[in-house]
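Student: Kindly return the folded structure for what I paste below:
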Amino acid sequence: MIYLALGSNLGDREWYLEQAKAMLAEALKTDMLCSQILETEAVGFDGPAFLNQAVCFESDIEPEALLDLCQDIEVRLGRPRHEAVFDPETGQRVYNDRTIDIDILKFNELEIHTDRLDIPHRQIWERTYVQELLNDITI
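Tutor: Presented below is the predicted three-dimensional model:
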């Protein structure tokens, strides 16, 4: 099973979650199981609250191709592409508001650590709401 986290804190947040799920399902030709939607505070920056949801599905897509698809959907839903920015004093990543964020949490039993992709996602265990969402759809 492949698990993704979806998040939105700008505009019609529910609409962005629904659009991202529809675009993923259409591109992957698969059905998805969806968790509940949780509202959480922005993490790592001051901004409006996020709506978050996890989805899981089966697919024969390759991990890098899934990353490309997720990033393409983010751009199509109004999120500008940019390189990650890090605070020079703390070394922590600088986050910002976004219409949609799609993170690959788990990809079957794979472990991948490249410049582009970390599976399982680096923050999967740090954010309690992610665990709650995953527990909501664990098969």
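Student: In terms of secondary structure, what does the longest helix along the chain contact?
Tutor: Counting residues, the longest helix found in the chain (DSSP state H) is helix 13-28. If contacts are counted by 3 or more Cβ pairs under 8 Å, 6 or more residues apart in numbering; DSSP states H and E, helix 13-28 sits against strand 2-8, strand 50-57, helix 63-76. Every residue, glycine included, has its C-beta placed from N, CA and C.
Student: mind showing which ranges of this structure have poor pLDDT?
Tutor: 82-85, 87, 92-94, 139 (pLDDT under 70).
Student: Tell me which residue of it is positioned farthest from its centroid.
Tutor: Distance from the centre of the chain peaks at Glu89, with 26.7 Å (Cα atoms, centre = their mean).
Student: dump the residue contacts of the closest residue to Leu117 other than its chain neighbours.
Tutor: Counting by Cβ to Cβ, 6 or more residues apart in numbering, Leu117 lies nearest to Leu67, which is 5.5 Å off, once chain neighbours are set aside. With contacts taken as Cβ atoms under 8 Å, 6 or more residues apart in numbering, Leu67 has the following neighbours: Ile104, Arg116, Leu117.
Student: quick one: the first one is in a helix?
Tutor: No: checked against DSSP: H, G, I helix; E, B strand; the rest coil, Ile104 lies outside a helix; its state is strand.
Student: Ile112 versus Arg122, what's the distance?
Tutor: The spacing between Arg122 and Ile112, counted by Cβ to Cβ, to the nearest Å, is 12 Å.
Student: Looking at these two now, which is surrounded by more residues?
Tutor: For Arg122 versus Ile112, the count of surrounding residues by other Cβ atoms under 10 Å is larger for Ile112: 14 against 11.
Student: how close does His113 sit to Cys70?
Tutor: His113 is 18 Å from Cys70, by Cβ to Cβ.
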